[in-house]
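*Asks:* sharing a model prediction with you, sequence too.
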Amino acid sequence: MKDKNDLAESRTDWAEDRTILANERTFAGWMRTGMACVAVAIGLRAVFGEFEPTWVAKAVASVFIIAALYVYWAAQASAAKTQKRLSDHHANAQPNSRMKILAAILAVASTGVGAILWML
């Protein structure tokens, strides 16, 4: 009977490792979604060029920048919450601090893009 319990525990550990890796992939997917929002904001400038009144295009671009910032924050918070509930066994999970730093870097860069778009 002990072998069956060991096998069940081993399968549970593997499942938890897969969940950790899925959480990291989901986090990466949300980071890509945030960057896509920034790309749309930049694309508005390229597509509409000298749109009149200029504040309208800038305001819409700002909405996409704000959406990107929210996506970064929500993805990091969700990934950290999920990671906290799990234990890695054979997989090496990314530390929460690394995900937080990445989200912060992308947030600062996206804010910079938004500022540049307003200056154009």
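*Replies:* In hand now; what should we look at? Not measured: the values here are computed from a predicted model. Residues are numbered from 1 along each chain as shown.
*Asks:* now do the buried residues in stretch 92-104.
*Replies:* Under the neighbour-count criterion of 16 or more other CB atoms under 10 Å, stretch 92-104 has Ala93, Gln94, Met99, Lys100, Leu102, Ala103 buried. Every C-beta, even on glycine, is put in place using the N, C-alpha and C of the backbone.
*Asks:* likewise stretch 34-51?
*Replies:* Buried residues in stretch 34-51 (16+ other CB under 10 Å): Gly34, Met35, Cys37, Val38, Val40, Ala41, Ile42, Leu44, Arg45.
*Asks:* confidence score at the last one?
*Replies:* Arg45 is assigned a predicted lDDT (pLDDT) of 79.
*Asks:* so where's this protein shaky on pLDDT?
*Replies:* In the predicted model of the chain, residues 1-2, 4, 6-8, 10-12, 89 satisfy pLDDT under 70.
*Asks:* looking at it, which helix is longest?
*Replies:* In the chain, taking DSSP state H as the definition, the longest helix is helix 2-48.
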